[in-house]
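Novice: Provided below are the primary sequence and the corresponding predicted coordinates.
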Amino acid sequence: MAASFENSSHRRNWLRGKRDILQSNAEDIIATSADKIRKLRLYFVEMIHMLGRALMLRQRVIATAVVFFKRFYLVRSFGEFDPRVTAPTMLFLAAKVEETDCKAQKFLKVLKENENFSGLYKGMALTVDRLLVFEFEALEALDFDLIVFHPYRPVCMILDEVKLPKMLQMAWSICNDSYRTDLCLEYSPAKIAIAVIYLSLVLNNCSQADRERFLRLAGVGEGADVQIVLDIADQLIELYRYYSKFGKGKDLPHSSAIALLNKLRDAHNSLKEGDKSGSIAMEKDEKIVKIESAKVSSGAMEIDRAAPVSGAGK
């Protein structure tokens, strides 16, 4: 692992602005809507969490898998790459990266037999070979950047420094929930950690004075620094509001997820066929231009050959 976050590929290559994050999956959004793509992304993040727990994997492995999943769909589309394959592949890859032993056969067994997943994978030919082959596609999309820093360690360190150990349990839980947002693509783990503790204080009804004192002790200055903390906290609060309305993992049934994936796949294939037709038409146009150019060149040669004869007759 890189010696520090500042020198890591995580910071250099995988922290994006809000605009970049919103503009990802443009092809998918055109085929349906931004809201449905958000629900689909959250649906599969929940699936990664459930699959990780069913396999009894550590939370760090699950968190790394979610980050890989989100990075993948920053640069790839749901219509082209089925997340039913991507999600377990990212968890399998994360287990390797985090040095956790877990066989591919065990992944597939849980997906086929566990009632939380069987409906989603019914009739789908997901094999060990398919999982292992897709792993190479995943590595290419991730640009082989497998280093991921998490906010868990900064949370523990900061709470120890500011002497707020009683906030650890809630802060840890909010850290877990942060992976259901796109915060890991936008902010450093240290900033997320500070915002998570700040939100823990808010949810524990701590006074404004206590919250401001915490920010000072955590080294957060005024202005832009405070605004970053508030923005992260706002995104988490928005997630909790969403869950209070729909319930965690209940906003998109298996049947609706499958129907949406089929629609995105069909839209991608139509777009691909359109591009192919366009390429064929372009090739035809190029051939016609070449033929016409050859005719013009041939005509010019005939004129050139006739020119000396004309001159000789004068």
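Specialist: Perfect, thanks for sending it.

Novice: The closest residue to Phe72 other than its chain neighbours: neighbour count?
Specialist: Nearest in space to Phe72, with sequence neighbours left out and distances taken as Cβ to Cβ, 6 or more residues apart in numbering, is Ala141 at 5.0 Å. In short, each C-beta sits where N, CA and C put it, glycine included. When neighbours are counted by other Cβ atoms under 10 Å, Ala141 registers 17.

Novice: Now do the same contact list for Ala141.
Specialist: Arg71, Phe72, Val75, Arg76 (Cβ atoms under 8 Å, 6 or more residues apart in numbering).

Novice: could you redo the last one with a cut-off of 10 Å?
Specialist: Residues near Ala141 by Cβ atoms under 10 Å, 6 or more residues apart in numbering: Phe68, Arg71, Phe72, Tyr73, Leu74, Val75, Arg76, Phe81, Thr86.

Novice: Just name the closest of these to Ile192, please.
Specialist: Arg71 (16.0 Å; Cβ to Cβ).

Novice: can you tell me which residue is nearest the centre of this structure?
Specialist: The centre of the chain sits closest to Lys70, judged by Cα atoms, centre = their mean, with a distance of 1.8 Å.

Novice: That one and Leu183, how far apart?
Specialist: 10 Å (Cβ to Cβ, to the nearest Å).

Novice: How about Val61?
Specialist: 19 Å.

Novice: quick one: low-confidence ranges for the chain?
Specialist: For the chain, applying pLDDT under 70 flags the ranges 1-3, 247-251, 275-314.

Novice: Tell me the spacing between the nearest residue to the residue nearest to the centre of the chain once chain neighbours are set aside and Arg130.
Specialist: Nearest residue to Lys70, sequence neighbours excluded (Cβ to Cβ, 6+ apart): Leu185, at 5.7 Å. Between Leu185 and Arg130 the computed distance is 27 Å (Cβ to Cβ).

Novice: How about the contacts made by Ser118?
Specialist: Val110, Leu111, Lys112, His254.

Novice: can you map out the strands along the stretch 201-314 of the chain?
Specialist: Using DSSP state E, counting those that start in this stretch, no strands are found in the stretch 201-314 of the chain.

Novice: all helices for it, in order.
Specialist: 208-217, 224-246, 254-312 (DSSP state H, counting those that start in this stretch).

Novice: How about the stretch 51-200 of the chain?
Specialist: Under DSSP H, counting those that start in this stretch, the stretch 51-200 of the chain gives helices at 59-75, 83-97, 104-113, 115-121, 128-141, 152-161, 168-178, 183-186, 189-203.

Novice: With distance to Glu212 added, can I get these in CSV?
Specialist: Shown next, in CSV, are the helices of the stretch 51-200 of the chain (distance: least, Cβ to Cβ, whole Å):
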stretch, distance to Glu212
helix 59-75, 30
helix 83-97, 38
helix 104-113, 47
helix 115-121, 43
helix 128-141, 43
helix 152-161, 16
helix 168-178, 18
helix 183-186, 23
helix 189-203, 10
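
Novice: Out of the contacts of Ser118, who's the most crowded?
Specialist: Leu111 leads the contacts of Ser118 on contacts (other Cβ under 10 Å) with 22 neighbours.

Novice: Now that one: closest residue in space, sequence neighbours ignored.
Specialist: Closest to Leu111 by Cβ to Cβ, 6+ apart is Phe117, at 4.8 Å.
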